[in-house]
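Colleague: Got a predicted structure here, sequence first:
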Amino acid sequence: MAAPFELTDDSVVVIIGTGAGGGVLANELAQKGVSVVSLEAGGRYLPEDYVNDEWESFGQLAWTDPRTTSGDWRVARDFSGLPAWIVKAVGGTTTHWAGASLRFQEHEWKAATTYGPVQGANLLDWPIDAAEMDPWYEKAEAKLGVTRTGGREGLPGNNNYKVFEAGARALGYTEVHTGRMAINSAEYDGRTFCHQTGFCFQGCKWGAKWSSAYTDIPRGEATGNLEVRERCHAARILHDDSGKVTGVEYFDADGNLQMQAARVVCVAGNSFESPRLLLNSASAMFPDGLANSSGQVGRNYMRHMTGSVYATFDKPVRMWRGTTMAGIISDEARHDPSRGFVGGYELETLALGIPFMAAFLDPGAWGREFTSALDAYENMAGMWIVGEDMPQETNRVTLNHDVKDQHGLPVANVHFSDHPNDIAMRNHAYKQGTAVYEAVGATRTFPTPPYPSTHNLGTNRMSENPRDGVVNRWGRAHDVPNLFVSDGSQFTTGAAENPTLTIVALAIRQADHIAREMSAQNL
Amino acid sequence: MTPTADVRGMTRRQLLSRATAAGASFVVGAGFVAAPDAAWAYETTHIKPEAFATLVQMARDIYPHDRIPDENYVIAVKGYDTPEMAPAIEAGIAALDAAAQGKGFASYLGTGWERDRVDILRGMEESGFFQMIRGGLVTGLYNQKAVWPIFGYEGESYSQGGYLERGFDDISWL
Ligand SMILES: Cc1cc2nc3c(=O)[nH]c(=O)nc-3n(C[C@H](O)[C@H](O)[C@H](O)COP(=O)(O)OP(=O)(O)OC[C@H]3O[C@@H](n4cnc5c(N)ncnc54)[C@H](O)[C@@H]3O)c2cc1C
Ligand code: SF4
């Protein structure tokens, strides 16, 4: 039967969320002839709807349903209701994302083995490795049109990149270029090339940057096998007496509770909402939440060790012109414990407009020390730090029963504190980032604290042994044979790289697995 | 109401003749807060003019940008001029004036140097009133498109074809 599907149709795969994980999975399954119903809490916005305005765009796309925070991270103080900056819309956070698309390094699939015991860290090896992921990465890079892979040209460097590159070279860094970006340097896959408008975080109005909103989703729909239900918020996953999931209860656009039957359910609501949904689906049979016999649902929350370094110069840079993040230094991404920490980090160019710079440069700061920095905005360059952070059992998403969302459901509380390894790595990165800019004559530098999380990982992690995690090597719940996790929450460890290419590669691989298991009648 | 609107129907002389000096930058009349040179004026509806003038000065002292005119600070805080907010604002400003008096000044606006006012503000930095005003300014001030050119920020660029042909890589001093 062609989409739309009946609520009672229990032959469909129900996918919750349409971002990097869910959106890709939906299209890949639809292309293979599998019937899919995607539930997406947000509305549909396309390039013509995006706005070149930071706060207006935030209002249009960001997830602003209530969440709460705890822990010693500064976000809990400065942005207590906004632990993450992620999107609620068809396409999920791939509308906001900057497009940096890096593979894990080989050793990062085996962090526990490579790094050895790290006190207070809940490190674990992934049950999969680089060789197994290689073909899936290749497919993901082709789908996203990643530059500097598959014969695709790199992007040209903008002003912010040129400052960054000159400083990097002066310091002796060698792995420096304009990045592997899911942004077209030439027309590709029916989408135009980057016009250097500089609002990559606000949705690319040219469609030059890959987003599932205007690639995978409409392509899946065109097959007739995919129905996307917008403004439909999944509330609870139901199961039968045998412990198999049978459907998903959701609030539709009018706030009415509906139930969609399902043969398979895939959760891809990003790393707060996915565990929240499993925890909110607790039942007599699964009293601690669905798929949670290990007690690991919601735990090991990782957000990458991040921070930024901005610097001002005596002459103009105009960093906001052009791509937001097309520039990388990878020399520090290696694992080299002689630096005083395990794992590594990348340095990537980053520019914010004046409205966001005022909010994020030094949250809570005021007076001339702060405003004189903004007065030099035109002469400012910026970079972002992204490194591997340590999974910790106590960094976790739990249900906050004291705060309810608009549907009356308990919201996610996000608890996070840095591990000492995270702090040592951040301090090293601040020092190196500062040195990059000082090498080209910075007059002042700003080691800027982490923003609300853009990368959210680990809260339903993948493990070989069901005792250690929530899902197996295919992203299937250890406890439930027809329930999958398809987003960044399945990450066992975070690696130093921006996560989305890996999320997409895992989703393509998972679609292949699900379709195969369905035709073999194992699902 | 835009801050400049009131000025138009009134000569500078009329404005000044109704006003009493309340501080370095402000002339306050019955219901009016205005710049001494009448570049702008704002007719308060709920907050007492003296308190409003103090609020505008406080806003500038929190985020001082010497090239941003008072008018933009007025726009940033005039959202508080409502029946709901006025009592809290007036109470907060009264506390500010009391703190100034504790340091030997007639009022917050009666101080001479910015550093004296910053000193007073540091003393109440943790208060809900200060945090509300500061937090509100982050968007209230910096999200005004009118101030962006002062920082050199160019804003929206899609309608102009992006920067591909307009200097995305025009840096010349490296
Ligand atoms: C500003 C910014 C820049 C970024 N830049 C990069 C980058 O350069 N490189 C990179 O690799 N990554 C980047 N990221 C991160 C990247 O966007 C995410 O890693 C990725 O989108 C996560 O995919 P996901 O499928 O886990 O979740 P998402 O893409 O967030 O999708 C989740 C979707 O699920 C929906 N949903 C949630 N709960 C429910 C529910 N109960 N019912 C129905 N729907 C629900 C949400 O509305 C959302 O649409 C960036 C993120 C941000 C915010
Ligand atoms: S800079 Fe390029 S990729 Fe970014 S929004 Fe503009 S056109 Fe799209």
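Modeller: All right, it came through fine. Numbers count the residues shown, from 1 in each chain, chains lettered A, B, ... in the order given. Ligands and ions are numbered 1, 2, ... in the order given.

Colleague: ok, stretch A:300-316 near chain B or not?
Modeller: Yes - with CB under 8 Å from any CB of the partner chain as the criterion, chain B is reached by stretch A:300-316 at A:315, A:316. Where you see a C-beta, it was placed from the backbone N, CA and C, and this is true even at glycine.

Colleague: Can I get that stretch in CSV, CA atoms only?
Modeller: Listed in CSV are the C-alpha atoms of stretch A:300-316, where the atom choice follows Å, rounded to 0.1, in the frame of the first residue of the first chain:
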residue,chain,number,x,y,z
ASN,A,300,27.4,8.3,29.3
TYR,A,301,26.1,11.5,27.8
MET,A,302,28.9,13.1,25.7
ARG,A,303,28.9,16.5,24.1
HIS,A,304,32.5,16.7,22.8
MET,A,305,35.1,18.6,24.6
THR,A,306,34.4,22.0,23.0
GLY,A,307,35.3,25.7,23.4
SER,A,308,36.2,28.5,21.0
VAL,A,309,39.1,30.9,20.6
TYR,A,310,38.4,34.3,19.1
ALA,A,311,41.0,36.9,18.4
THR,A,312,41.1,40.5,17.4
PHE,A,313,43.6,42.1,15.1
ASP,A,314,44.6,45.6,14.2
LYS,A,315,43.0,45.2,10.7
PRO,A,316,39.7,43.9,9.4
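
Colleague: low pLDDT regions in chain B?
Modeller: Scanning chain B for pLDDT under 70 picks out B:1-31, B:36-39.

Colleague: could you pull out the helices for it?
Modeller: B:5-8, B:12-17, B:49-62, B:70-77, B:86-102, B:114-123, B:128-140, B:148-151 (DSSP state H).

Colleague: roughly how far apart are the nearest residue to residue A:143 once chain neighbours are set aside and residue A:92?
Modeller: What sits nearest to residue A:143 in space, not counting adjacent residues and going by CB to CB, 6 or more residues apart in numbering or on different chains, is residue A:504, at 6.7 Å. Distance check for residue A:504 against residue A:92: by CB to CB, to the nearest Å, it reads 12 Å.

Colleague: which residues are common contacts for these two?
Modeller: Residues touching both residue A:504 and residue A:92 by CB atoms under 8 Å, 6 or more residues apart in numbering or on different chains: residue A:20.

Colleague: just to revisit the earlier point, could you list which residues are in contact with the residue nearest to residue A:143?
Modeller: Residues counted as contacts of residue A:504 (CB under 8 Å, 6+ apart) are A:20, A:21, A:24, A:140, A:143, A:144.

Colleague: quick check, nearest of those to residue A:345?
Modeller: residue A:20 (21.6 Å; CB to CB).

Colleague: which residues sit in contact with the closest one?
Modeller: Listed by CB under 8 Å, 6+ apart, the contact partners of residue A:20 are A:92, A:93, A:94, A:97, A:212, A:487, A:488, A:500, A:503, A:504, A:507.

Colleague: Residue A:414 reaches residue A:271, doesn't it?
Modeller: No - contact between residue A:414 and residue A:271 fails when scored by CB atoms under 8 Å: they sit 9.2 Å apart.

Colleague: so what sits against both of those two?
Modeller: The contact sets of residue A:414 and residue A:271 overlap at A:301, A:397 (CB under 8 Å, 6+ apart).

Colleague: Excluding covalently adjacent residues, which one is nearest to the residue in the stretch 201-350 of chain A that ligand 2 sits nearest to?
Modeller: The nearest approach of the stretch 201-350 of chain A to ligand 2 comes at residue A:204, 3.3 Å away (CB to the nearest ligand atom). What sits nearest to residue A:204 in space, not counting adjacent residues and going by CB to CB, 6+ apart, is residue A:47, at 6.6 Å.

Colleague: between the helices of chain B, which gets nearest to ligand 1?
Modeller: helix B:128-140 (17.9 Å).

Colleague: Contact residues of the stretch 251-400 of chain A facing chain B?
Modeller: When proximity is defined as CB under 8 Å from any CB, the stretch 251-400 of chain A approaches chain B at A:315-318, A:320-322, A:353-355, A:357-359, A:364, A:366-368, A:370-371, A:374-375, A:377-378.
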